[in-house]
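Visitor: predicted model and sequence follow; I will ask about them next.
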Amino acid sequence: MLQKDIKKIASVVLTAAMMVTSCPVCSLTAQAEGGQNGEKKADESLSATDMGVDRLSTNYSTVSKTYTAERYRGEDIVFLMEDSIADEDKAYLTEDTYEYGNQAAAVTVGDEIKVTIQVPETACYTLGFDYLSYDSSILPVEIGMKVDGEYPFYETRSLAFETTWVSEAVDVDRYGNEIVSLPSKDIRWEHKDLMDASYRYSDALLLELEAGSHELDLAIQEGTVLLGNITLSGSKEIPAYTSSEIASGNALITIEAENFYERNDSSIHAIGEYDAAISPLSAKQTVLNIVDEDSFNEAGQTVSYRFTVDNAGYYYIGMNYRQSEKNGFPVFADFKIDGEIPNTAFRSYQVEASTEFSTATLQDENGKNLSVYLEQGEHILSVTISIDNLRYALEAVDRIMSGISDLSLEVTKVAGTNKDKYRDLKITRYIPDVQTRLTSWVSELYSLAEEACVYVDAESPEDVAAFSYLLIAADQLATLAEEPNELVYRVDELSTSVNSINTQIANFVDLINDNDLAIDRIYIYQEDAKLPKGLNFIKSLGMSVTRFFHSFFGQSYSASNTDESHVQVWVNRPRTYVEIMQKMIDEEFTPETGIEVDLSIMTDANKLILSNASGDTPDIATGINYSIPFDLAIRGALVDLTQFDNYREVFGRYNDGLLVPSVVGDGLYSLPETMNFYVLFYRSDILGKLGLEVPDTMEELIAMLPDLQMRGLNVYYPTAPMLVMRNYHGTTPLIYQNGGSLYGDTALDINIDSEETVEGFTQLTELFTLYNLPVDVPNFYQHFRNGDLPIGIADFNSYNLILNAAPEIANSWSIAPVPGILDEETGEVKRYMSGGAESTIMFASTKERENQAWSFMEWWSRAEVQAEFGQRLQILYGDEYIWPTANLDAFEMLPYPTSDKAIIVEQAQYILESPRLLGGYMMEREVSNAYNDVVVNGETVRSRIDEVAKTVERETERKLEEFGYIDRDGNVLMEYQVPSVEKVREILKSK
């Protein structure tokens, strides 16, 4: 999923909570575990062990207010790792330290070391770490830190240590277009002070330490790293801005912003746009010319540029930029020269909104250009996105949202979930201060908007568009405050409905955290220099005409612009994916095999059916839905891949259950490309407070329901988002877990009415009819963040969203294998789930062409190739671009969080897809209809299943007759064997 899509979805789904404590059942004391003698392991995930920790009462803003000591003013105190590490952890010390000069501790995920520091005086210190990340992972190193056995504040539960990324020359594709080049990790020693991982604070977080000895527990949560010396220092004070000198002279240094010197996030990249106001520009080819605003948008992200000054003196700094995603509200940025902010005017500088590219010089509040003195020689300019100025608003809405969620559950506790309008219940008798709470929140939300008026020169809060969500929430609260007893019937308006008050506030938080900043050029210049302008009208018109005519010819990655002698591959994915694939093919596959391959973007997989009818098909299509190959294969359009000599080795790269839809007759007609894995998601903070264990079986899951439902909470099941058609992904897991099946050995052996299948279907429907799970939930992600569905079985898309678009619950959730059905005979918990996603197919052609196409399919399915593609995708475009490869060997090499990866791979062993066969669409449809009739309309399972069996049998007979398997009288001419795991294994052995 695209990074921009993630952000848009996060906004569209109207997030309902922005705090770990958004549900008031969250407040447990943190605990930790340890080991011994260099073998100590950190907790698999902090969220699993530190359940229920209240972020509001333990975060840095709250804790630092209790500090009484003065800030440390002395010299830096350096603690050598070799001298400070505990004796039992000295086994971690290594001599191979990349020319560090001192010994360092080589640690990786799961390791935990203790370090002792001697503090000379009671004071507030800045704590800094030397570190070197030397593995290939793109994920930042994450470390949890305790001081004397306790987390000093919430933020130390997960500290991020980024690495520096550098790029070489710009890459050019085969069409002459510039494409994003793959950056490389700069393996070097770095230093970072204690910082908030969300970067709400631009400055280092201070630790109040008493004089004497203190023990630091460092638990590695992600990454492989060398930890060097630890430093205690005083906080660095930025010089106050007093005035700005005139930058006399005519020097002009132009920096093309797309040419990074370095950045602290690999996904920050350049893109090419056509705009007369930017440079460079081409009417024929794509040129990378701006920093992509969708990649440079998060607090803490930094881009750096190297430039040379010929003559020492004062210089101004200007930018040609666009900042248009915050409803007219500014973005804030820190500007550093050679690693230091020159003075306070360059700290959290207000970058004004601009819907078009425009050039502006950094100025003070009086409109005077800011200047900085630069010596002759090389310098580095860094731009870091900051939200420090808006921390006051973010922390305030955290508290408000937590309070609203508290009130929501208090009302539910008093009134229950029955909203009978004839029930006479005055909520003010049970919650006397309810009206006071509501009105105080109204006042506070308006005050937050008033404080922001200064940033947009507004006279009233209504004029601050970026804060409009808060005003909407305030108005909703005001209407509730007028009639507080109506809360019994309107409680969903507080935090759980899609248009709830907390949803509006969460939309505000999403907007404020979205700091898109596109930069074209940066100017380091003096008073008499003339800054470049965009193209004039005549030149712009000429280029536009040229570009218009060129658009009719030679479009890249189009089926109309290919070489027929090359293998033709249609890819049902966005251009960003195709560019990486083509680059890998040209650099690796073609040199290895001598086979040329042309990729074409396929915007609609249905085009394959039309192309097949017209005889204009590619050699290969990839990225298509896993259910499509059957319809093409049964009509003779696809190649049976078992005809190739090494097919066993290639298909052996995948789980047998994932190959079931590939089977037609005795052949295999598609290769899985990606999987849509399912896992159990749970809010560890909420379960921890309730004293509930993570369920391992469906029986245990059901046993949790009374404790959850009495508090207005519930469980999510995969059928819930399927609002019209409940497909096999939702309806079959419990059938298979109970040992049931949809068919017997042949197509006419309809098995939907067997004892095991009926038992599984009954268990499925009883989840909703008997145990009251929510039937329709459009978006689990929203409710999981909110906390009203603190546990549920969901898929890869939910995982990607929760992982990358819910930072506020980062340490408060985890995943586990799907609860299943215990097999009493074997003791195994059967956790079968669907997992099909996209596949790759080959169309029939000449023997030579098919052999070439198979060479590509074999190469593309290799573990190392799939892993490289996934790594490139994530390095270039960010954590949101997770590649869910179906090759499990490759999956284990991808940059997923380590603890999650192990669980996903374990659950993937239980992927079991339903067969695709003639008339099979009717089975899927009728099972869905039966589910709806039982759950929604109250029909009985047995009678409805009998109807399903009859309907499916009639349709199957019709399709079998159409394809010549039976005659008009129903006589069997050829048995149609039903695909199954056993059939897959038979095919892989028999040929």
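Guide: Received the coordinates, thanks.
Visitor: in the stretch 251-400 of the chain, where is pLDDT below threshold?
Guide: Scanning the stretch 251-400 of the chain for pLDDT under 70 picks out the ranges 283.
Visitor: show me where it has its strands.
Guide: For the stretch 251-400 of the chain, the strands defined by DSSP state E, counting those that start in this stretch occupy 252-256, 262-263, 270-271, 290-291, 302-309, 313-323, 331-337, 349-351, 354-361, 371-374, 377-386.
Visitor: same check, this time on the stretch 51-200 of the chain
Guide: Remark: strands assigned in the stretch 51-200 of the chain by DSSP E, counting those that start in this stretch are 77-79, 93-94, 104-107, 112-119, 123-133, 141-147, 159-161, 165-166, 171-172, 178-179, 184-185, 190-193.
Visitor: which one of these lies nearest to residue 890?
Guide: Distance to residue 890, taken as C-beta to C-beta, is lowest for strand 184-185 among the strands of the stretch 51-200 of the chain, at 20.4 Å. (C-beta placed from N, C-alpha, C; glycine too.)
Visitor: ok, residues contacting the closest one?
Guide: Outside strand 184-185, the residues that touch it by C-beta atoms under 8 Å, 6 or more residues apart in numbering are 133, 136, 138, 163, 164, 165, 166, 167, 168, 266.
Visitor: which among those residues end up buried?
Guide: 133, 138, 163, 164, 165, 167, 266 (16 or more other C-beta atoms under 10 Å).
Visitor: among these, which two are most distant?
Guide: Spatially, the most separated pair among these is 133 and 167, at 17.8 Å (C-beta to C-beta).
Visitor: my guess is residue 777 meets residue 719, correct?
Guide: No. Checked against C-beta atoms under 8 Å, the pair residue 777 and residue 719 is beyond contact range at 9.3 Å.
Visitor: neighbour count: the two, which is higher?
Guide: With neighbours defined as other C-beta atoms under 10 Å, residue 777 and residue 719 compare such that residue 719 has more, 26 against 23.
Visitor: for that one, which non-adjacent residue is spatially closest?
Guide: In space, and not counting its chain neighbours, residue 719 is closest to residue 730: 3.6 Å by C-beta to C-beta, 6 or more residues apart in numbering.
Visitor: am I right that that neighbour is in a helix?
Guide: Yes. The assignment for residue 730 is a helix, going by DSSP: H, G, I helix; E, B strand; the rest coil.
Visitor: neighbours of it, how many?
Guide: Residue 730 sits with 23 neighbouring residues when counted by other C-beta under 10 Å.
Visitor: contacting residues for it?
Guide: Residue 730 sits next to 717, 718, 719, 720, 722 when contact means C-beta under 8 Å, 6+ apart.
Visitor: now residue 585
Guide: Residue 585 sits next to 597, 599, 856 when contact means C-beta under 8 Å, 6+ apart.
Visitor: likewise residue 727?
Guide: Contacts here follow C-beta under 8 Å, 6+ apart; on that basis residue 727 touches 924, 928.
Visitor: dihedrals phi and psi, it?
Guide: Here is the backbone geometry of residue 727 (degrees, to the nearest 10): phi -80, psi -180.
Visitor: for residue 123, see how far away residue 580 is.
Guide: Distance of residue 580 to residue 123, given as C-beta to C-beta, to the nearest Å: 51 Å.
Visitor: next: residue 413.
Guide: 46 Å.
Visitor: between those two, who's got more neighbours?
Guide: A direct count of neighbours by other C-beta under 10 Å for residue 413 and residue 123 places residue 123 higher, at 21 against 14.
Visitor: so for that one, what's the nearest residue that isn't a sequence neighbour?
Guide: Once chain neighbours are set aside, the closest to residue 123 by C-beta to C-beta, 6+ apart is residue 72, at 3.9 Å.
Visitor: distance of that neighbour from residue 232?
Guide: From residue 72 to residue 232 the distance is 7 Å (C-beta to C-beta).
Visitor: neighbours around residue 238, how many?
Guide: When neighbours are counted by other C-beta under 10 Å, residue 238 registers 16.
Visitor: and residue 411, how many neighbours?
Guide: Using other C-beta under 10 Å, residue 411 is surrounded by 22 other residues.
Visitor: and the helix or strand hosting it, what does it pack onto?
Guide: Counting by DSSP states H and E, the element that carries residue 411 is helix 391-415. Helix 391-415 sits against helix 55-58, helix 427-430, helix 434-451, helix 487-490, helix 492-495, helix 501-513, with contacts defined as 3 or more C-beta pairs under 8 Å, 6 or more residues apart in numbering; DSSP states H and E.
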